[in-house]
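K.L.:
build me a structure from this.
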Amino acid sequence: MGKIIDLLPKIKKEEDKDFKRFTDFLFFTGIKKIVVKDKPDKTKTGRFDYFIRIDDDKNIALEFTQIFEKDEQRLRSIQWGNLVGAFRSELKKYLSKHKKFPWTGIWNIETPEGFGATKNKAKNIAYKNTISLIEAIEKGKSSIKVTGFLLKLRRITDNPRGDLYFSTSLKAGSIDPASDLEPKLRKKLLEKNKQLEIKDAEKVLVIINKYIFGETRELISALSRVEELWNYKNLDKIYFETSPSNFILVFTKELRECWVSRKVSTDINLLGPFQLWINNLRNKNPKNTFLIVKKLLKKEEPHKLIPDSFAREEVIHLSDWLIDQKQYKDIIWIIDKFLDDPDPEEPEKYSGDPKFNYHQQIADGEDPHIITTVLGHLAWVVQKLAVNKSYIAQALDYTKKLLSHKNLYVKLQAIIPLIEISARRQWLDGWGKRPREGQYKEFHKIVFDLIDLVKENPNYKAIAKWLCHVFAYYKDLSTSEAEQVLDALKITDEAAGLFVYFGIFRQRHYKNQDIEYNGQRLEKKLKQIIKNSKEDHQRLRASITWHLWKILDENRNEFETIQPYIDLLLEQPYQRDVYDDIERIISGWIKDRPDICIQWYKQMLSKVSDFAEHTGKLQLQAGLWLIYTEEIVETIARYSQNELLEIMGKLVSLWEKGVFIGSPKRLFESYKLVSAENQRIETKKKFQKWYNSMRRLNPKIERVDWD
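P.N.:
Residues are numbered from 1 along each chain as shown. Okay, the predicted model is just below:
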């Protein structure tokens, strides 16, 4: 510990406790000796609090100030502060262990009036509920209950780095900490700039946090709104005490000179605060921020000057503005600067929390639904470059480089620009030529190298899923190439559209190109999946059915094309998500094609009955539903009395087995739609008999109007 020499020991000041904590911090940074030379009386002179000399070579004028919440409002009781403070403490422990939160965007946790607890209870509540709060935000929930209080969860802004803040909902409304701090700081900074007017000394303001909501991000956001700050020449440094004895340098004259005059250096007094401020500076003036970044990184590798990977991500986000300005050469400068960034690490070097090891998650068959890391964000910049015809070839080169990274997460993100290139591949040199040549040949190789990767590693489902979007555009394939694609990508249900396209429609297209294509071989693969009863293909089969419904819903001319595949699906055992879409197809087409759709419906009900026969009633009550029965039965009633009786008999039998069949009232009243009077009377009698038997089993069943 360093040594303090107080030349005025008899003068006691109310700031002495703050001063003691700050000098301890200075000693921690390496200062050996501090001499207190003066303690001006500001009530008489309006001057600063302390004048010190450190290590015999530097004079510092020190001024302390505190920020409080508004006295007239007292937005939080002490108990609110206890509980929110306890949650913040647990959240900081989580961050120190896991490095980042498992979500993106800034989230607001709005607490209701009365939310609070004593210190001891608050610690216990926060300890028990913090992980639940984190998981609720990760899942995108809108609220969570904590000890009887309903906390509202709301995503406020997009941000690659997940974060949160607490607010309250009182009669006066919710509080935005930065907006509340801004007027306080505006007034204080003007005053402190005057008090620190002195020559031959570094002028330092230390802000002591007494504000319930006060955190570094909120303070900097508030400071960024005080435009006059950039003109205050007597504020050489501003420190912020985030919590007792924890100080952080949040503003320096070097940052001011950099922003005002674009004077850059590798001085830590610039680089430290700049990393904290870059998000606010980018939002304030992206042009100036970019010009500063360009000068700063002119000769240096970004990760060496800016070790905070989140700050480097913010630099990459400047590309959003550059795209709007069509400054493509500057976008290329950003890509070139960050293309070899070490974030994320290569898999064998990973040392962080397993929860954030996205490479391993992909290797384990998971899909990390997050855009993070420097290279992850850079891939999206390359995607924006790819939409410009003049730069698509360069985007292809950058994509190839990213795909060569050992980290699977980087490969995954690199598929994003590859999708864009695939959609615009006609811009590539060599498009339409066989054999492939030039850039088009390179594109093809890149894509099929990924197909080989997935084929060799069938657990890489996330990569397979995103690759499906590449082939949603890249369809000018030969028979063997299409077979390779389907064989590799069948591990994901996202491939359903590809099976439908290559198995049914591909043979209609690209007839002007010299491409060998045998549609029967690809149709065979589609039928194999439809008939495959393996559990690992169930979702793919269901997704294929959905695609068939979508085609029929959008194009009424394709009924005969799709009909054989519905026939084949109905030959297979009951699968709920498959049959839900088949029922939807029947409902949408029964008026136009009643002959076929009624037969489909009868087959479907038979399969449902077989399934219900071998399934426990409790399982059925958990969710075996027929959704479109009313519409279908009413149409059948108009079409055929005999078919109506047969189908209603099947539905009544299914109801007895525990299947939900829709509204009994609507179903039984469908007899009124039978056109022939004698058949209508006969149908009514049969329906009444079935209805009465159902009422004996369930007296609460809705009543039917038989008149």
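K.L.:
any regions of the stretch 51-200 of the chain where pLDDT drops low?
P.N.:
68-78, 160, 169-175 (pLDDT under 70).
K.L.:
next secondary structure after the worst-scoring helix or strand of the chain on mean pLDDT?
P.N.:
Across the helices and strands of the chain, mean confidence by mean pLDDT, DSSP states H and E is lowest for helix 617-621: a mean of 49. Note on helix 617-621: by DSSP states H and E, the next helix or strand toward the C-terminus is helix 629-639.
K.L.:
list the buried ones in that next one?
P.N.:
Residues Thr629, Glu630, Glu631, Ile632, Val633, Glu634, Thr635, Ile636, Ala637, Tyr639 are the ones in helix 629-639 that count as buried (16 or more other C-beta atoms under 10 Å). The C-beta positions use only the backbone N, C-alpha and C, and glycine is treated the same way.
K.L.:
for it, packing partners?
P.N.:
Helix 629-639 is packed against helix 576-589, helix 594-613, helix 641-656, helix 664-668, with contacts defined by 3 or more C-beta pairs under 8 Å, 6 or more residues apart in numbering; DSSP states H and E.
K.L.:
gap between the last one and the chain center?
P.N.:
Chain-centre distance of helix 664-668: 45 Å, with C-alpha atoms, centre = their mean, to the nearest Å.
K.L.:
can you give me the strands in this protein?
P.N.:
3-6, 33-38, 50-54, 58-67, 106-112, 143-146, 149-157, 163-169, 202-209, 237-243, 246-252 (DSSP state E).
K.L.:
adding mean neighbour count and distance to Ile415, write these out as a markdown table.
P.N.:
Listed next are these as a markdown table, based on neighbours: other C-beta atoms under 10 Å; distance: least, C-beta to C-beta, whole Å:
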| stretch | mean neighbour count | distance to Ile415 |
| --- | --- | --- |
| strand 3-6 | 13 | 59 |
| strand 33-38 | 17 | 57 |
| strand 50-54 | 21 | 54 |
| strand 58-67 | 20 | 47 |
| strand 106-112 | 18 | 27 |
| strand 143-146 | 15 | 34 |
| strand 149-157 | 15 | 26 |
| strand 163-169 | 20 | 27 |
| strand 202-209 | 23 | 44 |
| strand 237-243 | 20 | 40 |
| strand 246-252 | 19 | 39 |
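K.L.:
want to throw these into a markdown table with distance to Phe22?
P.N.:
Converted to a markdown table, the strands of the chain look like this (distance: least, C-beta to C-beta, whole Å):
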| stretch | distance to Phe22 |
| --- | --- |
| strand 3-6 | 11 |
| strand 33-38 | 10 |
| strand 50-54 | 9 |
| strand 58-67 | 7 |
| strand 106-112 | 30 |
| strand 143-146 | 36 |
| strand 149-157 | 33 |
| strand 163-169 | 26 |
| strand 202-209 | 6 |
| strand 237-243 | 7 |
| strand 246-252 | 6 |
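K.L.:
for Ile125, find the nearest of those strands.
P.N.:
strand 143-146 (6.8 Å; C-beta to C-beta).
K.L.:
each with direction, which strands does that closest one pair with?
P.N.:
strand 149-157 (antiparallel) (DSSP bridges).
K.L.:
in a markdown table, list the helices and strands packed on helix 629-639 along with mean neighbour count, distance to Tyr517 and mean pLDDT.
P.N.:
Shown next, in a markdown table, are the helices and strands packed on helix 629-639 (neighbours: other C-beta atoms under 10 Å; distance: least, C-beta to C-beta, whole Å; pLDDT from 0 to 100):
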| stretch | mean neighbour count | distance to Tyr517 | mean pLDDT |
| --- | --- | --- | --- |
| helix 576-589 | 19 | 28 | 95 |
| helix 594-613 | 18 | 30 | 94 |
| helix 641-656 | 19 | 42 | 93 |
| helix 664-668 | 20 | 48 | 96 |
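K.L.:
burial count for Asp367?
P.N.:
If you count neighbours by other C-beta atoms under 10 Å, Asp367 ends up with 17.
K.L.:
now swap in Ala423 and tell me
P.N.:
Neighbours of Ala423 using other C-beta under 10 Å come to 16.
K.L.:
how about the contacts made by the closest residue to it other than its chain neighbours?
P.N.:
Nearest residue to Ala423 in three dimensions, chain neighbours excluded: Tyr473, at 4.5 Å (C-beta to C-beta, 6 or more residues apart in numbering). Shown in contact with Tyr473 (C-beta atoms under 8 Å, 6 or more residues apart in numbering): Ile419, Ser422, Ala423, Arg425.
K.L.:
just checking, which of these belong to helices?
P.N.:
Taking DSSP state H, the ones among the contacts of Tyr473 that sit in helices are Ile419, Ser422, Ala423.
K.L.:
out of these, who's nearest Pro307?
P.N.:
The shortest approach to Pro307 among those belongs to Ile419, at 32.2 Å (C-beta to C-beta).
K.L.:
and the closest one, how close does it get to Tyr473?
P.N.:
Separation of Ile419 from Tyr473 (C-beta to C-beta, to the nearest Å): 7 Å.
K.L.:
also Ala488?
P.N.:
For Ala488, the distance to Tyr473 - C-beta to C-beta - is 17 Å.
K.L.:
swap in Phe51?
P.N.:
Taking C-beta to C-beta, one finds Phe51 at 69 Å from Tyr473.
K.L.:
try Leu305
P.N.:
Distance from Leu305 to Tyr473, by C-beta to C-beta: 39 Å.
K.L.:
burial of the residue lying closest to Lys607 once chain neighbours are set aside, as a residue count?
P.N.:
For Lys607, ignoring the flanking residues on the chain, the nearest one in space by C-beta to C-beta, 6+ apart is Tyr574 at 4.5 Å. Residues within reach of Tyr574, counting by other C-beta under 10 Å, total 18.
K.L.:
for Tyr574, grab phi and psi.
P.N.:
Dihedral angles of Tyr574 (phi, psi; degrees, to the nearest 10) stand at phi -60, psi 130.
K.L.:
so what's it up against?
P.N.:
Lys607, Val608, Asp610, Phe611.
K.L.:
could you do Glu420 as well?
P.N.:
Applying C-beta under 8 Å, 6+ apart, the residues near Glu420 are Gln383, Ala386, Val387, Ala395.
K.L.:
what do you get for Ile109?
P.N.:
Leu133, Leu151, Lys152, Leu153, Leu164, Tyr165, Phe166, Ser167.
K.L.:
show me how the record splits this protein into domains.
P.N.:
1-74+179-251, 78-174, 595-707 (automatic domain parsing).
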